[in-house]
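>>> Please work out how this folds:
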Amino acid sequence: REEYQFERGIVEERLRTWSTARLEREGFTICGLRAISKRSLYQDKVFRLYYFKKGVQRPLPFHRFGVGDSVRLSVMSRVVDEKAVEGMVLDRRSKYLEICIKAADAINIDSSKEIAYRLDCFVNRISYDRMLLALQLFTQSATDSGG
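Prediction:
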């Protein structure tokens with residue numbers, strides 16, 4: 001988990017020091033998203049995020065978001081958004097992203113109004129979980145694995 005926290009620190013530093021324009025150009029941020037509540041998934045809520053430019057829905061711009069990425073969703077008009085919520089990318093399509101957010105945090109997302117949101121990319125948690133599992137299996141003794 002230290003590797004995950006280390007990479008997350010690097011991402012936090014990038015968000016603090018890079019301009020929004022650079023973050024968008026490099027694919028780490030998408031601004032101008034609208035959130036629509038779609039369904040529940042166990043204890044989480046699923047939101048579909050569409051990209052709007054000048055009031056018209058468009059395909060998503062270049063981005064690095066992928067399934068399993070940890071993300072932060074915040075209202076664009078706030079410089080520091082204390083109500084920003086963290087979630088995970090559930091699905092990626094050319095016209096939208098679906099993210100999964102804890103139900104307790106989902107109350108901070110208003111999908112009934114045309115609020116512009118900003119989505120920031122963190123790290124892919126799935127790759128770290130798989131790496132950890134692989135290391136655990138590799139270091140397991142032959143007697144533990146039944147061999």
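>>> then the longest strand along the chain to CSV, C-alphas only?
Determined from DSSP state E, the single longest strand within the chain is strand 29-41. These are the backbone C-alpha positions of strand 29-41, laid out as CSV (Å, rounded to 0.1, in the frame of the first residue of the first chain):
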residue,chain,number,x,y,z
THR,A,29,-8.6,16.4,-15.8
ILE,A,30,-11.9,16.9,-17.6
CYS,A,31,-13.8,20.0,-16.9
GLY,A,32,-17.4,20.8,-18.0
LEU,A,33,-19.0,17.5,-17.1
ARG,A,34,-22.6,17.0,-16.1
ALA,A,35,-23.5,14.2,-13.7
ILE,A,36,-26.6,12.0,-14.1
SER,A,37,-27.5,9.5,-11.4
LYS,A,38,-28.0,6.1,-13.1
ARG,A,39,-28.4,3.3,-10.5
SER,A,40,-27.1,1.8,-7.3
LEU,A,41,-24.4,-0.8,-7.1
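>>> Packing partners of that strand?
helix 20-26, strand 44-53, strand 96-102, strand 117-124 (3 or more CB pairs under 8 Å, 6 or more residues apart in numbering; DSSP states H and E). In this view, the C-beta of every residue, glycine as well, is placed from N, C-alpha and C.
>>> can you tell which of those is closest to residue 82?
With CB to CB as the criterion, residue 82 lies closest to strand 117-124 of the helices and strands packed on strand 29-41, at 14.2 Å.
>>> That closest one versus strand 29-41: what angle between them?
Here strand 117-124 points in a direction 80 degrees away from that of strand 29-41 (axes from the mean of the first three to the mean of the last three CA atoms, to 10 degrees).
>>> what about strand 117-124, distance to the chain center?
Averaging C-alpha positions (CA atoms, centre = their mean, to the nearest Å) puts strand 117-124 4 Å from its chain's average.
>>> rewinding a little: what pairs with the longest strand of the chain, parallel or antiparallel?
Strand partners for strand 29-41, identified by DSSP bridges, are recorded as strand 44-53 (antiparallel), strand 117-124 (antiparallel).
>>> Looking at the shortest one now, give me its mean pLDDT.
The pLDDT scores in strand 117-124 average 84.
>>> just stretch 18-26 next, same as before
Here the average pLDDT along stretch 18-26 is 92.
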